[in-house]
Each structure stands twice: as structure tokens, then as C-alpha cells.
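In: Predicted model and sequence below, questions to follow.
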Amino acid sequence: MRQDNSAFEQSVRRAQAGFASLPDQALTEIAKLALTRVAQARDGDTAAANAIVAGALLDALLSDELNAAQDYVEKLTRSGVTREVIYLDHLPEVARRLGVLWEEDTLSLLDVTTAMARLQSVVRHLAAPAFEEQPRAGLEAIFAVAPGETHTLGVRIATNLFRELGWDITLLLGLEHEELVEQIKSHPAHLLGLSAGGETVAPALTALVISLRMARPDLRIIICGQVVECAPALIDAVLPDGAAIEFEDAKTQLESFVHA
């Protein structure tokens, strides 16, 4: 054992002597490489853990037990997993997997519809204990989906996260063009987040933005969702005040409007 310790100490001294002879730039590069490898290892561990959670939650959504998914999410929160991690990491991944399974004909439309309804229920259930405090003054916005948009999971998640941050969010879902214009026109909020999932609703989204520009010239409009990536030219044409795909980007833009 003493021989092992001695050999280890000699190795340490040789390494120290070698580092001492290196220029500062070389030492900096070595440190960067070491930190990158540590970060990659952690990212790999996180990805593996997230995959396990997503798989278990997917199984719960597809099980015969009505509340299996809610029960599993409650276990996650009790174990210390934050609602933000569940909202931004686990739920979108499960929704993505459901879409893949449907495209591969592994699940029927009924299976996917039932699972998505349960997923929406999980989002509502997660939100329940989060809204006990009053919203902070000055943080008010409208969140809405484009006419004809049926994918509402993302905007529901965003609504819950913003409310947890102290925002007063009015969520408008399932409304047609004229209804949306009328409700937004009479609302006191000056910030609007419009969500759309893809190219199919892009024309309806464009028409809505143009109408709102005429009805509410004071309104700051941020377009959010996959439509930003799917139809960038169309989005640019209506000149929104901002565009975001990720939650953090949308949050930063809305906060900047409040401070301005």
C-alpha cells in the first residue's frame, strides 16, 4: 500500500512539473478541454435520465389507469424535480414521442388523442398549486393560439410558467378570427404572445396579426412556436415585434417590453 501511495505521489509531482513548464495559453486550452469533457459527461447523464423519465411518463399516459400520469408527475415533484424541468424538458419530449409513434402507426389516433388529453390534464394539475400569490404589478399579457390551431400544449405550458413568475396571463384558446380580434381589442394588456405550430395555420396567423395591427396599434406582438421556424418568410412579412421558438427567448423579449 505504501508503494502504491509513493507511486501516486511521484506521478503527481511529475504532472505538476510538466504543467509548470507549459505556457499560460497551453494551460488555458487544457483547462477548457477538461471542463468541456466534464460538461459533456454531465449532459450525457442528464439526457439518459430525461429519457428514462419520458419513457415512464409515456407508459403512464398510455396505461389503463386514468390518473397514472398525474401520480407519476407528483412523484417527480416530491423527489425534487422542479415544475420548470417537467414543463420544458419532460412534457415536450413525451409529446414528441407520441407524434413519432403515431407517424410510425404504432399508436392509433384514439391512443394519441387520449394520451394528449391526459397530458393536458397533467399540465392543469401542475398549475393548481402555483397560482396562490397575486400577480406582480405591470406584468400582464395575453396568450392566444392562431385560428384553427389544435396544438395547445406549448402555450398552456408557457402560460403556467409565466404565471409562476408573477405574470397575469389571459389565455385565449379555440377562438376564431373575429372572436380573437374582439377579445384582444377590448383587453387592457399591451403585450400579446401568439402561438402557432406549423405552416398550415400560418395564413390565418398572418391575417390575425394584420387585423390586430389596425385594431390595436399599441399592441406589442410576439409570435411563438414552430411556425417561426417553418414559415420564416411569412412571419417576417407581418413584421411582429418579436419571434421566439424557445420559452427563455419569449420570456426575455416580453420582459424587455415591460422594462421599455
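Out: Yes, it's here.

In: where along the protein do the strands fall?
Out: Per DSSP state E, the chain carries strands over the ranges 140-145, 168-172, 191-195, 220-224, 242-244.

In: Can you tell me which of the ones you listed is nearest to residue 124?
Out: strand 168-172 (11.3 Å; CB to CB). For glycine as for every other residue, the C-beta is placed from the backbone atoms N, C-alpha and C.

In: tell me the mean pLDDT for that closest one?
Out: Strand 168-172 comes out with an average pLDDT of 93.

In: ok, now stretch 250-257?
Out: In the prediction, stretch 250-257 has an average pLDDT of 90.

In: Please identify the deepest-packed of the strands of the chain.
Out: Highest mean neighbour count of these: strand 191-195, a mean of 25 (counted as mean count of other CB atoms under 10 Å).

In: For the stretch 51-200 of the chain, just list every one of the helices.
Out: 68-78, 83-85, 91-103, 109-127, 153-164, 177-185 (DSSP state H, counting those that start in this stretch).

In: is it possible to export those helices to a markdown table including mean neighbour count, mean pLDDT and distance to residue 246?
Out: A markdown table is the format used below for those (neighbours: other CB atoms under 10 Å; pLDDT from 0 to 100; distance: least, CB to CB, whole Å):
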| stretch | mean neighbour count | mean pLDDT | distance to residue 246 |
| --- | --- | --- | --- |
| helix 68-78 | 16 | 86 | 22 |
| helix 83-85 | 16 | 83 | 13 |
| helix 91-103 | 17 | 84 | 10 |
| helix 109-127 | 16 | 83 | 18 |
| helix 153-164 | 21 | 89 | 10 |
| helix 177-185 | 15 | 93 | 24 |
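
In: what's near enough to touch the residue nearest in space to the middle of the chain?
Out: The chain has residue 88 as the residue nearest its centroid, 3.8 Å off, counting by CA atoms, centre = their mean. Shown in contact with residue 88 (CB atoms under 8 Å, 6 or more residues apart in numbering): 157, 161, 247.

In: try residue 83
Out: Counting by CB under 8 Å, 6+ apart, the residues that residue 83 touches are 77, 126, 130, 160, 164.

In: Which residue is the nearest non-sequential neighbour of the second one?
Out: Same thing as residue 126. Distance criterion CB to CB, 6 or more residues apart in numbering; nearest residue to residue 126, sequence neighbours excluded, is residue 83 at 5.5 Å.

In: Please give the number of neighbouring residues around residue 256.
Out: 12 (other CB atoms under 10 Å).

In: Tell me how far it lies from residue 226.
Out: 23 Å (CB to CB, to the nearest Å).

In: Check residue 254 too.
Out: Taken as CB to CB, the span from residue 254 to residue 226 is 19 Å.

In: So which of these two has more stuff around it?
Out: Remark: of residue 254 and residue 226, residue 254 carries more neighbours, 23 against 15, as counted by other CB under 10 Å.

In: tell me the contacts of the more buried one?
Out: 141, 162, 191, 193, 222, 242.

In: Can you give me every residue that contacts the third one?
Out: Yep, that's residue 191 we're talking about. 140, 141, 142, 219, 220, 222, 254, 257, 258.

In: does the last one really touch residue 165, like I thought?
Out: Read it as residue 258. No - counting by CB atoms under 8 Å, residue 258 stays clear of residue 165, with 11.4 Å between them.

In: For those two, list the residues in contact with both.
Out: residue 139.

In: Next one: residue 32, what pLDDT does it get?
Out: 48.

In: swap that for residue 144, sorry
Out: 94.

In: ok, now how distant is it from residue 172?
Out: 4 Å.

In: Mutual contacts of the two, please.
Out: Contacts common to residue 144 and residue 172, judged by CB under 8 Å, 6+ apart, are 180, 184.

In: wait, which of the contacts of residue 83 is closest to residue 232?
Out: Using CB to CB, these come closest to residue 232 at residue 160, 27.6 Å.
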